[in-house]
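Asker: I would like the atomic coordinates for the input below:
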Amino acid sequence: MNKSMSGRLFFSFVFLLVAIFAVLVLVIGQLFPFYVKDYMQSQIEISQKNVKELLQEANVELTSEQQEQLLQTYEFSADHEHLSYLQMRLLLVLGFLFTIALIILSVLTYKMVLNFVEPIVNVTKTARELAVGNYRARAFANGPKTIVELRNSINILARNLQDITKMREIEDERLKTLIENMGSALMMIDREGHVSIVNKRFLERFGLEYGQVRDKNFLTLGLPEELEAFIDHVFLTELPYRKQLEMEVQQEITYKFVYGAPVVGENGRWLGVVLVMHDVTELVRLEQIRKDFVANVSHELRTPITSIKGFSETLLDGAYKDEKMLLSFLDIMYQESNRLQMLIQDLLELSKIEQHGFSVDIMSTSLQDVLIRAVDVTSPRLDEKDMQFSVDIARDVRVLADANRLIQIFTNLIANAIMYSPEGTTVTLRIKETDEYGIVEVEDQGIGIEKSEIARIFERFYRVDRARSRNSGGTGLGLAIVKHLVEAHHGKIQVTSEVGKGTCIKILLPLDKPS
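Answerer: Numbers count the residues shown, from 1 in each chain. Below is the predicted model:
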């Protein structure tokens, strides 16, 4: 750009000089014959005058006719060819002189352009770079004092802008690091209702991707209704607001302490709303567990203990003498003691799994082999209800998991499928895979689960059908154990169910990908 401008300016000067010289040559060439004619006439007059003076001094007597003839000898006419020749020689001389002058003036003009125009172009280019955000650009212009001062001012401005930009980048990086690594979920919504800032914790908690959220209206994100109502409240009141919300996220009940406040910019301009969410699910659950544990355990223990105590008192009162009644009571006491033992074992197992630092023995594991072993364990229960297995395994899938813990997981799920299904139905087992997970599906044709209850089936002692599960010997802790074991494998659980038609539980486990 600067070379183009300098070139245009230089050639403009040269063209102007050439035009001036051409006009001068043309004018001189056209006026030359007139100058020659005037010159010859003046020379004739001078020559005739000199002859007259010479004749007078010599006292030469001539007649007027003789004198006229003598003077006519000094008159001569201009030859056009000779004049053209002289004119051409004059033009050549002038052309040569003008060419020399043009070269000298061109050199001077070029130096003037370099000394005056190039520095201005350089400074202009630097200013344009600064305007587009390239604050590393610097001007290297030399020339007159004013241009040097302009160059120094531009460079000082560039350094200041670079320092300001660097400080802003550092502050932005600090703010980004703070937002991304804070323990709470954060989202900022502008005055139009579009998401402008969101951190990773928020995306993880609601199973969203950044591309799904950025610059999208918060009502289109599929957020829980409770959270949408909270945001609407802050928008309407334009006042800070805080509340603990109970929300269902990915088929799980979670508790969030949400704080919302309007964002006000300079001059009191309202910019939008910022939300900060603290996950208090574990705190609420622990509080609920502390409240319910004693009641639940005492309730679960009371039935077998009461039965054992009642039947033993009856036997001590003399019922032992009746052999048939004795055997019946002892059988009931034995079953209740087994149930009590199972409950204690499940409580100990759950306590062990929930302990900090619990880990599983991860290795490459065949889902097909694990599923076959789980089927072998649960087949007797299946035969008792005249049910059957339907296996859909296109090919084996290997995952990173603890085989013994997987057997425990699938045994629990199959046992539940058998427990909550009527006689003569089918339990379907499938093995699938995606790019990241190996999937096992356990599907039954049982009583199903209400949609409102799906998020609660993994709670301790929670039963969909309390009477049936208790009568069948369930402790109410099996799915809680399954959930903790799947999470220990960094897997996922998905539940779909329809009341009266059955339930399908999917277990997603990380694939064993060949390196």
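Asker: Report the separation between Gly399 and Gly438.
Answerer: Actually, residue 399 is Val rather than Gly. Counting by C-beta to C-beta, to the nearest Å, the gap from Val399 to Gly438 is 4 Å. From N, CA and C alone the C-beta is placed, and that goes for glycine too.
Asker: now swap in Leu223 and tell me
Answerer: Distance check for Leu223 against Gly438: by C-beta to C-beta, it reads 31 Å.
Asker: Quick one: end-to-end length of stretch 416-427, please.
Answerer: 10 Å (C-alpha to C-alpha, to the nearest Å).
Asker: buried sites along it?
Answerer: By 16 or more other C-beta atoms under 10 Å, the buried positions in stretch 416-427 come out as 416-421, 425, 427.
Asker: so which pair among those is furthest apart in space?
Answerer: With distance counted by C-beta to C-beta, no two of the buried residues of stretch 416-427 lie farther apart than Asn416 and Thr425, which are 13.6 Å apart.
Asker: Could you look up the SS state of the residue lying closest to Ile154 once chain neighbours are set aside?
Answerer: Excluding the flanking residues, the one nearest Ile154 by C-beta to C-beta, 6 or more residues apart in numbering is Ala139, at 4.8 Å. Of the three states, Ala139 takes coil according to DSSP: H, G, I helix; E, B strand; the rest coil.
Asker: From the buried residues of stretch 416-427, which land in strands?
Answerer: Cross-referencing these with the strands (criterion: DSSP state E) gives Val427 as the overlap.
Asker: need the buried residues of stretch 416-427 in a markdown table with pLDDT and distance to Leu94, can you?
Answerer: Formatted as a markdown table, these follow (pLDDT from 0 to 100; distance: C-beta to C-beta, whole Å):
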| residue | pLDDT | distance to Leu94 |
| --- | --- | --- |
| Asn416 | 87 | 115 |
| Ala417 | 89 | 114 |
| Ile418 | 89 | 119 |
| Met419 | 86 | 120 |
| Tyr420 | 87 | 117 |
| Ser421 | 88 | 118 |
| Thr425 | 91 | 119 |
| Val427 | 91 | 115 |
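Asker: Mind checking which of the buried residues of stretch 416-427 are in helices?
Answerer: The subset of the buried residues of stretch 416-427 located in helices under the criterion DSSP state H comprises 416-419.
Asker: rewinding a little: can you give me the pLDDT of the residue nearest to Ile154?
Answerer: Note on Ala139: pLDDT of 77.
Asker: just Phe10 next, same as before
Answerer: 64.
Asker: Could you do the one 4 residues further on as well?
Answerer: For Val14, the model assigns a pLDDT of 70.
Asker: any idea which element it lies in?
Answerer: Under DSSP states H and E, the secondary-structure element containing Val14 is helix 2-58.
Asker: about what we covered before: list the residues that contact both of Val399 and Gly438?
Answerer: Here Val399 and Gly438 share the contacting residues 367, 509-511, scored by C-beta atoms under 8 Å, 6 or more residues apart in numbering.
Asker: Look at Leu223 and Gly438 and report which has more neighbours.
Answerer: Relative neighbour count places Gly438 above the other of Leu223 and Gly438, with 24 against 19, counting by other C-beta atoms under 10 Å.
Asker: packing partners for the helix or strand harbouring the more buried one?
Answerer: Under the criterion DSSP H and E, the helix or strand holding Gly438 is strand 437-443. Counting contacts by 3 or more C-beta pairs under 8 Å, 6 or more residues apart in numbering; DSSP states H and E, strand 437-443 is packed against helix 367-384, strand 398-401, helix 403-419, strand 426-433, strand 502-510.
Asker: Can you tell me which of those is packed in deepest?
Answerer: The densest packing among the helices and strands packed on strand 437-443, expressed as mean neighbour count by mean count of other C-beta atoms under 10 Å, is seen in strand 398-401 with a mean of 23.
Asker: Which strands or helices does it pack on?
Answerer: For strand 398-401, the contact count by 3+ C-beta pairs under 8 Å, 6+ apart identifies strand 363-366, helix 367-384, strand 437-443, strand 502-510 as packing neighbours.
Asker: how about a cut-off of 6 Å?
Answerer: Judged by 3 or more C-beta pairs under 6 Å, 6 or more residues apart in numbering; DSSP states H and E, the packing partners of strand 398-401 are strand 363-366, strand 502-510.
Asker: Can you check which of those gets nearest to Met333?
Answerer: Scanning the helices and strands packed on strand 398-401 with C-beta to C-beta as the criterion, the closest one proves to be strand 502-510, at 34.0 Å.
Asker: ok so, going back, identify the residues contacting the residue nearest to Ile154.
Answerer: Counting by C-beta atoms under 6 Å, 6 or more residues apart in numbering, Ala139 makes contact with 122-123, 126, 151, 154-155.
Asker: for the stretch 151-300 of the chain, what spans make up the strands?
Answerer: 185-190, 195-198, 241-248, 253-264, 270-279 (DSSP state E, counting those that start in this stretch).
Asker: buried set for stretch 199-208?
Answerer: So, applying 16+ other C-beta under 10 Å, buried residues of stretch 199-208: 199, 201-203, 205-206, 208.
Asker: wait, which of those is closest to Tyr110?
Answerer: When the buried residues of stretch 199-208 are ranked by distance to Tyr110 (C-beta to C-beta), Asn199 comes first, at 60.9 Å.
Asker: show me what contacts that closest one?
Answerer: With contacts defined as C-beta under 6 Å, 6+ apart, Asn199 is in contact with 179-180, 186.
Asker: Also Ala401?
Answerer: 365, 489, 509.
Asker: Check the protein and tell me which residue is nearest its centre.
Answerer: Tyr210 (6.2 Å; C-alpha atoms, centre = their mean).
Asker: how close does the closest residue to that one other than its chain neighbours get to Asp317?
Answerer: Once its chain neighbours are removed from consideration, Tyr210 has its nearest residue in Leu203; the separation is 6.4 Å (C-beta to C-beta, 6+ apart). When C-beta to C-beta is applied, the distance between Leu203 and Asp317 equals 67 Å.
Asker: just Ile104 next, same as before
Answerer: Taking C-beta to C-beta, one finds Ile104 at 140 Å from Asp317.
Asker: Likewise for Gly310?
Answerer: Counting by C-beta to C-beta, the gap between Gly310 and Asp317 amounts to 11 Å.
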